[in-house]
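In: fold the following.
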Amino acid sequence: MALFKTFEDVFYIAPEQCNPQEIARCSSSALFLLNAGKVHSIYTMSPHYGKFADPKLGNYSFFERMIAGGSVGVLVFDTKTNSFCSIIVNSPTVDPVPDKPVESTVNGPTSVTNMPYSLVKMEIGESTSSGVSAFALMKHVSTGEYYLAQLLYTGSNAYPIVDFNLVPNEYLLPDADLIAAPASGDFVYFAKDNKVYTYIGASAEAEKQRLLLEFAPNEKVTYIKHFYYPNAPADYSYLAILTNVDSKWKLRIYTPKGVGELEPGIVAEYEGEGNGRYVMYRN
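Out: Next up is the predicted model:
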């Protein structure tokens, strides 16, 4: 295997700290790199693009995940101020997200700037005609209470929260090793050790937490992803669950149905040597 490029090669001036956290592409117009809490971008429609420039201006430190939406923007969360922010590819600055419109009936904080909530986990769902869905697990900085926020990012600088509900103390979601967003619906998948659960965020739902799958006691769940491609030849919609045990990985594929449920049986199962951490679908 030949080395293609080093970290320093992808920058005009390489940052002092090498800690790449995420890379995201918006359509065919923009590429964003999150490194050490800073965001760099490339506008791919320029005839001279090829390397990342300096990070966006500002005194910030972004959470390790970002939401790419539309054709030129990402939604990020500043951990210094507990604020959601919007970044446009060809802008040198970071923009605050406006408050919730006065006429809005959305269940959510009035402002997403200087919030009394820290961000614990954030996972992206699928891109739809309405925007990109995501879920954020947040913690109140004073009370220690946890909240599940359902987000929708359209690529514009608009209020992103769709729903925002308290997670009662008796549920396991705050202690999850990882969470995953569905293609649609007000619920999340989450894993703790060898078990996979669903948690339904809707406040009126009586049975909020369900045990979905349980593997061998020493088998740890390391990745969950709902792959949904309605334009694929066979309307591709499958839940991939990756586990590790004794330096071996297993990938199981299931068919989701309803709200946080699965069709009986396994669609496919794969295994191999090593420690699996990520699954990529190529159509």
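In: how about Lys257: what's its closest non-neighbour residue?
Out: Once flanking residues are discounted, Lys257 sits nearest to Glu263: 5.2 Å by C-beta to C-beta, 6 or more residues apart in numbering. Backbone N, C-alpha and C define where each C-beta goes, glycine included.
In: quick check: Lys38 touching Glu16?
Out: No: using C-beta atoms under 8 Å, Lys38 is not in contact with Glu16; the gap is 10.6 Å.
In: contacts only, for Phe52.
Out: 10-12, 33, 40-42 (C-beta atoms under 8 Å, 6 or more residues apart in numbering).
In: so is the residue lying closest to Pro109 once chain neighbours are set aside in a helix, a strand, or just coil?
Out: With sequence-adjacent residues excluded and distances taken as C-beta to C-beta, 6+ apart, Pro109 is closest to Met115, at 6.1 Å. Here Met115 is recorded as coil under DSSP: H, G, I helix; E, B strand; the rest coil.
In: so for the nearest residue to Tyr199 once chain neighbours are set aside, what's the pLDDT?
Out: Nearest residue to Tyr199, sequence neighbours excluded (C-beta to C-beta, 6+ apart): Leu173, at 4.7 Å. With respect to pLDDT, Leu173 scores 96.
In: residue contacts, Leu173?
Out: 137, 146, 148, 167, 179, 188, 190, 197, 199, 209.
In: please flag which of those sit within strands.
Out: In this view, these that belong to strands under DSSP state E are 137, 146, 148, 167, 179, 188, 190, 197, 199, 209.
In: tell me the contacts of the closest residue to the third one other than its chain neighbours?
Out: Read it as Leu148. Nearest non-adjacent residue to Leu148, counting by C-beta to C-beta, 6+ apart: Gly201, 4.6 Å away. Counting by C-beta under 8 Å, 6+ apart, Gly201 makes contact with 135, 148, 150, 163, 165, 186-188, 208.
In: using JSON lines, lay out the residues you listed together with pLDDT and distance to Leu242.
Out: Below are the contacts of Gly201 laid out as JSON lines (pLDDT from 0 to 100; distance: C-beta to C-beta, whole Å):
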{"residue": "Phe135", "pLDDT": "95", "distance to Leu242": "19"}
{"residue": "Leu148", "pLDDT": "96", "distance to Leu242": "23"}
{"residue": "Gln150", "pLDDT": "94", "distance to Leu242": "25"}
{"residue": "Asp163", "pLDDT": "93", "distance to Leu242": "28"}
{"residue": "Asn165", "pLDDT": "93", "distance to Leu242": "28"}
{"residue": "Asp186", "pLDDT": "87", "distance to Leu242": "25"}
{"residue": "Phe187", "pLDDT": "92", "distance to Leu242": "20"}
{"residue": "Val188", "pLDDT": "94", "distance to Leu242": "17"}
{"residue": "Lys208", "pLDDT": "90", "distance to Leu242": "25"}
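In: my guess is the residue nearest to Lys257 contacts Thr255, does it?
Out: Yes: assessed by C-beta under 8 Å, Glu263 is found in contact with Thr255 at 4.0 Å.
In: strands of the stretch 51-200 of the chain, start to end?
Out: 67-69, 73-78, 83-88, 95-96, 117-128, 131-140, 146-153, 161-167, 178-180, 187-192, 195-200 (DSSP state E, counting those that start in this stretch).
In: mind pulling up the pLDDT for Gly73?
Out: With respect to pLDDT, Gly73 has a value of 89.
In: ugh, wrong one, I meant Glu205
Out: We have a pLDDT of 65 for Glu205.
In: cheers, nothing more for now.
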